[in-house]
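Participant: need coordinates for the below:
(3 chains)
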Amino acid sequence: MTELALDSGQAAVSPVLAPRRRFMALRRLVAHRSFQIGLCLVLVLAVAAIFAPFITGIDPSAMKVRLRFKPPSETFLFGSDSFGRDVLTRVLYGARVSLWIGLVVAMLSGLCGALIGVLAAQFRSLDALLMRLMDALMSFPAILLALGITAALGPRMESVIIALTVAYVPAGARIVRASALVVRELDYVQAARIAGASDLRIMLRHILPNSVSPLLVHMTFVFAYSILAEAALSFLGVGVQPPTPSWGNIIAEGRDYATEAWWVMLFPGLGISLAALGLNLLGDGLRDVLDPRLKAG
Amino acid sequence: MADDVLVEVRDLDMAFKIKGQRGQPAMLHVLHKLSFDIGRGETLGLVGESGSGKSTAGRILVGLFEPTGGSVKLFGHTITGPERRANLAAVRPRLQFVFQDPHAALNPRLRVGDSIAEPIAIAGTQSRRDRNERVKELLEMVGLPRDSAERFPHEFSGGQRQRIVIARALALAPGFVVCDEPVSALDVSMQAQIINLLMDLQARFGLSYLFIAHDLAVVRAVTHRVAVMYAGSIVEIAPRNALYDKPQHPYTQALLDAVPRPNPARVRPPVIGGEVPSLLVPPPGCRFHTRCPHAMPRCRIDVPDLRETAPGRQTACHLYDTANA
Amino acid sequence: MIAAPLVSIEDLTVQFRTDRGWTTAIEGVSFDVAEGDCLGVVGESGSGKSVTALSMLRLHARGTSRFARGAVRYAGQDLLRAPERNLRKIRGRDIAMVFQDPMSSLNPVLSICDQISETLCLHQGMTRAGARQRAIELLDLVRIPDAARRVDEYPHRLSGGMRQRVMIAMAIACRPRLLIADEPTTALDVTIQAQILELLRDLRAELGMAVMLISHDLGVIAEFAKRVIVMYAGRIVEDAPVDVLFNAPRHPYTEGLMASMPALEGGTERLYAIPGRIPDPDEPIAGCRFGPRCAHIKPICQAAAPELVAIDATHRVRCTPRTRTSDMT
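Facilitator: Next comes the predicted model:
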């Protein structure tokens, strides 16, 4: 047998690491078909919402009574409503309201849900209390809960935001708690405990960042649900009040003239559908990219 | 010699409350009257199969669990009993742990440098610049390039990650490191590298190790003394060569017999039957008697104590009970 | 070769789809399994040993893997190209497989009897009563005590060693001609491992079946196999009878593996460590894939990838310097 020539006096190692391939996850995300489509849709709507004042140059409240109920034409691309207001402009301004509400609700409920979930996973005593509270909230259908809260607080945009946030926090908390319970038992958390890390440090630095992936996916869906919910609330009259346009109250106003002026209900409805679709696709893409990595640890 | 004893464990008991059969709460006795010492610069091997309790013992020694009985003294501080919190805080910088699974032992969201520096950051004793310098020093010590600190764990292989875990363990220059199956999850060709690294570091820094493993060949290579555990108790402790060349306890013998050797011509000794007993309802008397080829009637009744059978050797078996108590 | 082999793997090359395109998992794998053979396949992670085993029964995920070339010949068919229904008749009946993790290999909601009966009813058309009786016989055969009672239990009541025995019982239920065992004892304690290996040895003798045992543990291979294939980075690097492999290995990787194993008998103060690390499957390496880690590398090793060459009737090595006729003694 040939003798082994190499003397491994020092723990031999290949000192050169593989070249860095940065942002692999991001690249995979951007290449994902559903994500691309969803992102396009959402971006188009967002841009339309942000630049609403500049797109048509028309005041959404400007009434041209003589031009009421005009179908879509050159002057009124989406037609005019019962007050002679340009539906396109109103839909664009409505997008601002609806998208803004969706965004804020998704962020706030995500943040609160994450905090509650991590706290519940970390402290057994708090867990029972918090989860029962979440269960109680979840037992109400989101719309009913939101209805109750907006009724109590008075119908305006801020109430809608608060109501929907409260309605969606429990789901987020559940999701984060489930992840956090798993992460808590992983070796790197034990390593931090051995090193004497405080509970706060462990929660913020180790558990929270590693438990939020499923929440991020969930938040895109909450965004979509919030837009739908806001539309429903405004439709019922307890959400954003006219004359401030929101997709929901435009539809509400158009309901009485559904047969004569179908365009008043159609276009905000399209807006809602496209927004929800776009967000769902975005969420699908996120989930596909994040999930297998979660399993791989 | 007493000064040089860093770790003193006496009559350690550990029981967990669990839901037994039919949902009634039951106590699972994972450890039973464990006693051993570890000296400065010494490696004690803790060997056993599943259910032996060796991992739990290791975790108790770094303060992750509080034992339900017995005492543990580290560097002269007793971390069991009323003074636990204070004493544990005092000795923490001198204790560390190397985990089995290199993929779960590092926070995937933190850069490697931040993970390594974490014990230093928690201790709060150094400035950021000093910390970064120390991290680079540690990376060099474990044979990784200095610029690894900027990267994330997923950019490294299993063996490299284990080096990072070891670098983190050395961050505060500990005196005592518990290594829980540090090479079991690695490929064979990587195991030797990590084993050599651990031994080099021990020689260089005078570290003491509790080396927990199930692979007897690996244990032989790295330890000075070995303790064999079965179903929660130590059944034999002896200096390494004595244990391997002349095992006393029948379980140690069975364990050594069962290890497959890379020698096709070896005559295989008979295989021991049975399985590790349930810890919820352990057999009476000696827990090994159900599988022991030398079981006597006495073994079914009396639990054998760990007794000194030769200088430096202790065995818990009635076969060696010459005192006939 | 006197008799035709039972299974013949020819130039098997399997690729997986990754972010960066198709990556080769195994390449040019060729070997035969004879009737009643006792073959060991040893390799570390990335060696392709599991991929080879799964490929033999075409158990791959359809979308993300493909057979770039090669064939798996059994009973006059190429299993890689045969229709699925033919393969279904072979899997579990002629060629059976046992996997590593007994904890996840059994369905937790079905009793042992149901799971063993499934394969019996499927392949042998037994009635439920007949299958139950046979299941009890099989549990006896794999040495599970109190088989008549145990047969109705659910997997969670059994220990790892017991579950693995049940897996083996399911695998041998239809008396397969070849049993592939992929790391069957890796997740088990060493004393249980010894029991399972002894069981496999005895079953092989009793049932006259060929066994292909895959493991990363050289000790397990030494004590079980009669012939050993060593794989590295997706290729076979050495194929020899077991005593030849352990006493006179030819390939530097095999030598390195043997040298880096700590011996139970002790003696080595410092272990030999193969330098470097196992390459990624898509890492570009010129010539021999073990080259960067080899202590004996020569220029020819980087110039061209080595071929698997037979240095005698039973010994093949993939190493250009070691198989040149001028070097062979």
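Participant: OK, contacts around residue C:91?
Facilitator: Taking CB atoms under 8 Å, 6 or more residues apart in numbering or on different chains, we find residue C:91 in contact with C:57, C:59, C:97. In short, each C-beta sits where N, CA and C put it, glycine included.
Participant: and those, which of them are in helices?
Facilitator: Secondary structure defined by DSSP state H assigns none of those to helices.
Participant: keep only those of those residues that are in strands.
Facilitator: residue C:97 (DSSP state E).
Participant: most neighbours, which of the contacts of residue C:91?
Facilitator: Among these, the one with the most neighbours (other CB atoms under 10 Å in any protein chain shown) is residue C:97, at 22 neighbours.
Participant: out of everything not next to it in sequence, what's closest to that residue?
Facilitator: In this structure, residue C:97 finds its nearest non-sequential neighbour in residue C:180, 4.6 Å apart by CB to CB, 6 or more residues apart in numbering or on different chains.
Participant: what bridges to that neighbour?
Facilitator: Residue C:180 has these beta-bridge partners by DSSP bridges: residue C:97, residue C:212.
Participant: that one: neighbour count?
Facilitator: Counted with other CB under 10 Å, residue C:180 comes out at 26.
Participant: sorry, back to before: return the member of the contacts of residue C:91 nearest to chain B.
Facilitator: Distance to chain B, by CB to the nearest CB, is smallest for residue C:97 among the contacts of residue C:91, at 21.8 Å.
Participant: so who does the closest one touch?
Facilitator: Listed by CB under 8 Å, 6+ apart, the contact set of residue C:97 reads C:53, C:57, C:59, C:91, C:171, C:179, C:180, C:181, C:182.
Participant: tell me the pLDDT at residue B:161?
Facilitator: The score at residue B:161 is 93. That number is its pLDDT.
Participant: actually residue C:328, not the one I wrote
Facilitator: Confidence score, pLDDT, at residue C:328: 49.
Participant: please apply the same query to residue B:3.
Facilitator: So residue B:3 comes in at 60 (pLDDT).
Participant: list the buried residues for stretch C:155-170?
Facilitator: C:155, C:158-170 (16 or more other CB atoms under 10 Å in any protein chain shown).
Participant: picking up where we left off before, between the contacts of residue C:97, which sits nearest residue A:259?
Facilitator: Of all these, residue A:259 sits closest to residue C:59, with 61.0 Å by CB to CB.
Participant: and the helix or strand harbouring residue B:121, anywhere near chain A?
Facilitator: Element membership for residue B:121 (DSSP states H and E) is helix B:112-123. Yes - using CB under 8 Å from any CB of the partner chain, helix B:112-123 reaches chain A at B:115, B:118, B:119, B:122, B:123.
Participant: the residue nearest the centre of chain A in helix, strand or coil?
Facilitator: Closest to where the C-alpha atoms of chain A average out (CA atoms, centre = their mean) is residue A:223, at 2.9 Å. Secondary structure of residue A:223, reduced to three states by DSSP: H, G, I helix; E, B strand; the rest coil: helix.
Participant: identify the farthest-apart pair in the residues of helix B:112-123 next to chain A.
Facilitator: Greatest spatial distance among those (CB to CB): B:115 and B:123, at 15.0 Å.
Participant: can you pull up the bridge partners for the residue nearest the centre of chain B?
Facilitator: With distances taken as CA atoms, centre = their mean, the residue of chain B nearest its centroid is residue B:212 (2.9 Å). Beta bridges link residue B:212 to residue B:46, residue B:180 when assigned by DSSP bridges.
Participant: list the contacts for it?
Facilitator: Counting by CB under 8 Å, 6+ apart, residue B:212 touches B:45, B:46, B:54, B:55, B:57, B:58, B:178, B:179, B:180, B:181.
Participant: and for residue C:252?
Facilitator: By CB under 8 Å, 6+ apart, the contact set of residue C:252 is C:290, C:294, C:295, C:296, C:319, C:322.
Participant: one more time with 10 Å, if that's ok
Facilitator: Residue C:252 sits next to A:2, A:4-5, C:237-238, C:274, C:288, C:290-291, C:293-297, C:301, C:317, C:319, C:321-322 when contact means CB atoms under 10 Å, 6 or more residues apart in numbering or on different chains.
Participant: among those residues, which are in reach of chain B?
Facilitator: Among the contacts of residue C:252, the ones lying near chain B by CB under 10 Å from any CB of the partner chain are C:274, C:293.
Participant: just the buried subset of the contacts of residue C:252, written out for ChimeraX, thanks.
Facilitator: The following ChimeraX line selects those of the contacts of residue C:252 that are buried, judged by 16+ other CB under 10 Å:
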select /A:4 /C:237,238,274,288,290,291,293,294,295,297,301,317,319,321,322
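Participant: that older thread, what subset of the residues of helix B:112-123 next to chain A is buried?
Facilitator: Neighbour-count burial (16+ other CB under 10 Å) applied to the residues of helix B:112-123 next to chain A gives B:115, B:118, B:119, B:122.
Participant: at which residues are the strands of chain C located?
Facilitator: Using DSSP E, strands in chain C cover C:7-18, C:21-33, C:38-42, C:65-74, C:77-78, C:95-98, C:178-182, C:210-215, C:227-232, C:235-241, C:309-312, C:315-317.
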